[in-house]
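K.L.:
compute the structure for the input listed below.
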Amino acid sequence: MTRIGPNTLLPARRRSLTLTTADGERLAAELALPEGEPRATVVLVHPNPTGGGSMDTHVIRKAAARLPALAGIATLRFNTRGTVSESGASTGTHDAGVAEAHDLAAAVAAVADLPGVWLAGWSFGTDVVLMHGSRDDVRGAFLLAPTMRRTRPEHLAAWARSGKPVRCVVPEFDDYLRPDAAAVRFAGVPQAEIITFPGCKHLFVGHAERALDSLVDLVAPDVPTPLPGEWPDQTAEV
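P.N.:
Numbering: from 1, shown residues only. Prediction:
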């Protein structure tokens, strides 16, 4: 058995995609499918590219590397407009979450034929999800370290009306929004669930595995967690 480490890539049917947005931008993306029928599908939205966030930021990358094999969950990760990383470059200019509405729509359209589409955002990605993700073709939202820097009351009201699950994982020592403040900000969304991660900071260093377990608990509750920490030697790339 191989211990699953930070750079372990577990088996999946992976393919690189180029998503074309309604306003003509071309986004680098990767779809990772489990060997069998997916239990659920997660669209992953990365942190702010102006601070170095991308589809290759560690929790996003680990979700795509592990969840298809360990939980039977399909993942789509992509670089929002103007974002460049090891996995590819997206055209356009960062728009602080506004024009990124087109990016999210293109990502959701790319997985329209897959079962149970959920949105998972981290930091800036949570604002994109909250601002533009309350859609009929989305089951709910997983928010990792929500910042609430761009989300407005009307966005929260849309989620409240939808009644769809909203899970907020909030680090105890977050740089932007801590658990007590998150409870206040999400008070108007009755179904919002606030989960505090003790000892955790905004970057989730040392807490990525727990974050992925929480995501799996939400979107595929039949999968036991914590997820395995080892994988048979012959099929894992380290």
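K.L.:
check the secondary structure at P221 for me.
P.N.:
coil (DSSP: H, G, I helix; E, B strand; the rest coil).
K.L.:
measure it to P165 for me?
P.N.:
11 Å (C-beta to C-beta, to the nearest Å). Just so you know, the C-beta spots here come from the backbone N, C-alpha and C atoms, and that holds for glycine as well.
K.L.:
who's more crowded, the two?
P.N.:
Neighbour count, other C-beta atoms under 10 Å: between P221 and P165, P165 has more, with 16 against 11.
K.L.:
check contacts around the nearest residue in space to that one that is not next to it in sequence.
P.N.:
Among residues not flanking P165 along the chain, G140 sits closest, at 3.6 Å (C-beta to C-beta, 6 or more residues apart in numbering). Listed by C-beta atoms under 8 Å, 6 or more residues apart in numbering, the contact set of G140 reads 118-119, 164-167, 218-219.
K.L.:
what about the strands in this structure?
P.N.:
Secondary structure of the chain (DSSP state E): strands located at 2-3, 13-20, 26-33, 40-45, 73-78, 84-85, 88-89, 117-122, 141-144, 166-171, 192-197, 230-231.
K.L.:
what about V84, neighbour count?
P.N.:
For V84, using other C-beta under 10 Å, the count is 12.
K.L.:
can you name every helix or strand that the longest helix that the chain contains contacts?
P.N.:
Counting by DSSP state H, the longest helix found in the chain is helix 58-71. With contacts taken as 3 or more C-beta pairs under 8 Å, 6 or more residues apart in numbering; DSSP states H and E, helix 58-71 sits against strand 26-33, strand 40-45, strand 73-78, strand 117-122, helix 208-219.
K.L.:
using PDB, write out every CA atom in it.
P.N.:
Provided in PDB are the C-alpha atoms of helix 58-71 (Å, rounded to 0.1, in the frame of the first residue of the first chain):
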ATOM      1  CA  HIS A  58      -3.700  22.500  -3.000                       C
ATOM      2  CA  VAL A  59      -7.200  21.600  -1.700                       C
ATOM      3  CA  ILE A  60      -8.700  22.000  -5.200                       C
ATOM      4  CA  ARG A  61      -5.900  19.800  -6.700                       C
ATOM      5  CA  LYS A  62      -6.300  17.200  -4.000                       C
ATOM      6  CA  ALA A  63     -10.000  17.000  -4.500                       C
ATOM      7  CA  ALA A  64      -9.600  16.200  -8.200                       C
ATOM      8  CA  ALA A  65      -6.700  13.800  -7.500                       C
ATOM      9  CA  ARG A  66      -8.500  11.800  -4.800                       C
ATOM     10  CA  LEU A  67     -12.300  12.000  -4.900                       C
ATOM     11  CA  PRO A  68     -13.000  10.000  -8.100                       C
ATOM     12  CA  ALA A  69     -11.100   7.000  -6.800                       C
ATOM     13  CA  LEU A  70     -11.800   7.300  -3.000                       C
ATOM     14  CA  ALA A  71     -15.500   8.400  -3.200                       C
END
